[in-house]
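**Q** next input, structure requested:
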Amino acid sequence: QLQLVESGGGLVQPGGSLRLSCAASGFTLENYVIGWFRQAPGKEREGISCISTIGRTNYADSVKGRFTISRDDAKNTVYLQMNTLKPEDTAVYYCVAGHYYSDYEIPPEGVFGSWGQGTQVTVSS
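**A** The predicted structure follows:
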């Protein structure tokens, strides 16, 4: 059974940092495109980053320059380093796995067949 488990969320002050982790079980992450989506209260879910099987990365404009996605295939884990956090980054963050990657856009959520349960990130003073 394919399973993704996010961790690392929490409460942080504006300007602070968090690192989210996405650990996979039941499959090998290195064979998949991994993405991060987020959903803020009252807003649509937003794709914010993805990483290809060969390490190419893409980011939404809202997080470009502040967030970094990386993968450690030996640990079967993908990370999202989030710096200079803003209150508008407050959301539930989801890790997703699929097989489509583009340098020009974050693929729509329907492309990703496996989803984690989400982890809450709250940016507030």
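**Q** Gly116 against Leu2, yeah?
**A** No - the criterion here is CB atoms under 8 Å, and Gly116 misses it with Leu2 at 10.5 Å. C-beta here means a position set from N, CA and C on the backbone, and glycine is covered the same way.
**Q** check which helix or strand the most centrally placed residue in the chain maps to.
**A** Nearest to the mean C-alpha position of the chain, counting by CA atoms, centre = their mean, stands Trp36 at 2.4 Å. Here Trp36, judged by DSSP states H and E, is contained in strand 33-39.
**Q** ok now the following helix or strand past that strand, how far from the chain's centre?
**A** Using DSSP H and E, the helix or strand that directly follows strand 33-39 along the chain is strand 46-51. Here strand 46-51 is found 6 Å from its chain centre; the criterion is CA atoms, centre = their mean, to the nearest Å.
**Q** elements contacting the helix or strand following strand 46-51?
**A** Sequence order places strand 57-59 as the next helix or strand after strand 46-51, per DSSP H and E. Judged by 3 or more CB pairs under 8 Å, 6 or more residues apart in numbering; DSSP states H and E, the packing partners of strand 57-59 are strand 46-51, strand 67-72.
**Q** which residues of this structure fall in strands?
**A** Under the criterion DSSP state E, strands of the chain are mapped to 3-7, 10-12, 18-25, 33-39, 46-51, 57-59, 67-72, 77-82, 91-98, 114-115, 119-123.
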